[in-house]
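> Sequence and predicted structure below; questions after.
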Amino acid sequence: MAIAWIMQCLLTVTPPTLRGPVSVARWSAEWLELVRSGTISSTATLRDGRETRVGRRGRYLVVLRANRALRPPAAPKLGWLPPHDEATCSFCSGPLRLELRPMVAQALLPETGRCWDVHFNISPMEPNGHYLLVPEIALHANRRQQRLTTDDCIDLVLIGRACAGELCVNFNAPRAGASQNHLHAHAWAIPEAYPIATAPVLSRVEQRIDVPEELPPDLCFVDGREVEACVLDWPASCVRLAGGTAEAVALALDRICIECPCHNVVLLGDQTFVFVRSPEGEVSPAVPDLKIGSIQLLGAMVVDTAEQFEAAMRDGSAIERALRDTRYDVNETLGQLLARVAASLAPRA
Ligand SMILES: [Zn+2]
């Protein structure tokens, strides 16, 4: 029944348009048309009494979206996802497979010649647009697990830059918020600057991250092109990369992802945020049953239930604790990791 309903919705979507460069304006126009037609329920179109609630706790935002307000609470699927298997992957096979879904667009990246399929997300994180980005699924080699390759890193950095100021492009690894083990990223409209935008660069030791008194050099050099890389003073473990060419940023990003396989990557224009995660910290008792992914790590606690909203708002430190619980816990500090990554990328003398 539910599947039939979803398929009916999907089939009413405008037929796929042409392959072309990233165009947020065109994607948005398609999105608004779907909301108007009722295919996607946004906050504006819900009529069943559920309300969107927005609160602030210190520097953090707490949001319960009506379209995502589930009762009873969704039970998060935790633990490692099963290996990618084309026969059982719901993106590759079965009645909901992506090939059957009309696309918003195909984003062609002239710099790499690669193409990403852009789909609507029918349970949007943001009412003004939420897209699912998947490497062109018609190519068999793209039917693969949720792990970024170097090429994926380059593509996502390019897409992030092409969407500067308009969309937040992001990736959740397995055990870091991903719910599907098929390579995919998200892009959604940015309602306002995220709280992490004002986070200072870390300058002292705190908690599980044992950052040395002397911070390592915060620049890594790739082929002589500078990428600014720093550890942020933020409750979650976060490295911010900025500036440099897309390739240089992508190489640093790729290296960090290999070193720390449990991670989230967020691309906001020419800033790349990499959150290094503990595999045990996908949910935190501070905000029960909420799978913490990219948006929460930015300081915008988008929650699924009234209970989670109340938990986040009730206690002034609940959000800090939830973010802190995501931190990686290894002997090496994030600063040391970054210094090692920078050294490995430095050009040979
Ligand atoms: Zn698949």
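Structure received.
> Could you check how far the residue of the chain found nearest the ion is from L232?
Residue of the chain nearest the ion, by C-beta to the ion: C89 (3.0 Å). To be clear about C-beta, it is placed using only N, CA and C from the backbone, and glycine gets the same treatment. Going from C89 to L232 by C-beta to C-beta, to the nearest Å gives 35 Å.
> Per-residue pLDDT of the residue of the chain closest to the ion, please?
The score at C89 is 95. That number is its pLDDT.
> Quick check: it touching N181?
Yes - contact status for C89 versus N181: in contact at 7.1 Å, counting by C-beta atoms under 8 Å.
> Which residues are in contact with each of those two?
Common neighbours of C89 and N181, counting by C-beta atoms under 8 Å, 6 or more residues apart in numbering, are absent.
> Find the nearest non-adjacent residue to the residue of the chain closest to the ion, please.
H182 (5.1 Å; C-beta to C-beta, 6 or more residues apart in numbering).
> Can you verify my assumption that that neighbour contacts H84?
Yes - the pair H182 / H84 is scored as a contact, 6.1 Å apart, by C-beta under 8 Å.
> secondary structure element for the residue nearest the centre of the chain?
With distances taken as C-alpha atoms, centre = their mean, N170 lies nearest the centre of the chain, 2.8 Å away. Here N170, judged by DSSP states H and E, is contained in strand 167-172.
> circling back: H182 and H84: who's more crowded?
Set H182 next to H84 and count neighbours by other C-beta atoms under 10 Å: H182 wins out with 22 against 18.
> does the more buried one count as helix, strand or coil?
Three-state assignment for H182 (DSSP: H, G, I helix; E, B strand; the rest coil): coil.
> That one and G94, how far apart?
Distance from H182 to G94, by C-beta to C-beta: 12 Å.
> Please apply the same query to I196.
37 Å.
> Look at these two and report which has more neighbours.
I196 (23 against 12).
> Would you confirm that the more buried one contacts Q296?
No - I196 is beyond contact range of Q296, at 10.7 Å (criterion: C-beta under 8 Å).
> The residue nearest to the centre of the chain touches S294, doesn't it?
Yes - look at N170 against S294 with C-beta under 8 Å: they come within range, at 3.7 Å.
> what touches both of these two?
By C-beta under 8 Å, 6+ apart, the residues touching both N170 and S294 are 186, 264-266.
> where does this structure come near the ion, residue by residue?
89, 91-92, 143, 182 (C-beta under 5 Å from the ion).
> try 8 Å
For the chain, the residues found near the ion under the criterion C-beta under 8 Å from the ion are 84-86, 89-93, 137, 143-144, 180-183.
> Which of these scores worst on pLDDT?
Q180 (90).
> ok, it - how many residues close by?
Q180 sits with 17 neighbouring residues when counted by other C-beta under 10 Å.
> go on, I154?
23.
> And the pLDDT at it?
Reported pLDDT for I154: 92.
> Can you say which helix or strand has it in it?
helix 150-162.
> Which positions in that helix come out as buried?
152-162 (16 or more other C-beta atoms under 10 Å).
> if we can go back for a sec, how about the residue of the chain closest to the ion, what does it touch?
Neighbouring residues of C89 by C-beta under 8 Å, 6+ apart: 143, 180-182.
> Torsion angles phi and psi at it?
Dihedral pair for C89: phi -70, psi 130, per degrees, to the nearest 10.
> Please, where are all the strands along the chain?
In the chain, the strands defined using DSSP state E lie at 19-20, 53-57, 60-64, 105-108, 115-120, 130-135, 167-172, 185-189, 219-222, 225-231, 238-242, 263-268, 271-276, 300-303.
> Lowest average pLDDT across these?
When I compare the strands of the chain, strand 219-222 is least confident, with a mean of 50.
> number of nearby residues for P191?
14.
> what's near enough to touch it?
126, 128.
> Ramachandran angles for it?
Here P191 shows phi and psi, under degrees, to the nearest 10, equal to phi -70, psi -30.
> ok, now how distant is it from V54?
P191 is 10 Å from V54, by C-beta to C-beta.
> Next, count neighbours for D117.
The burial count for D117: 24, using other C-beta under 10 Å.
> OK, contacts around it?
Listed by C-beta under 8 Å, 6+ apart, the contact partners of D117 are 98, 103, 106-107, 133-137.
> Could you tell me the angle between the helix holding I154 and strand 185-189?
0 degrees (axes from the mean of the first three to the mean of the last three C-alpha atoms, to 10 degrees).
> and helix 150-162 with strand 167-172, angle?
Going by the same axes, to 10 degrees, helix 150-162 makes 160 degrees with strand 167-172.
> Understood, closing this out.
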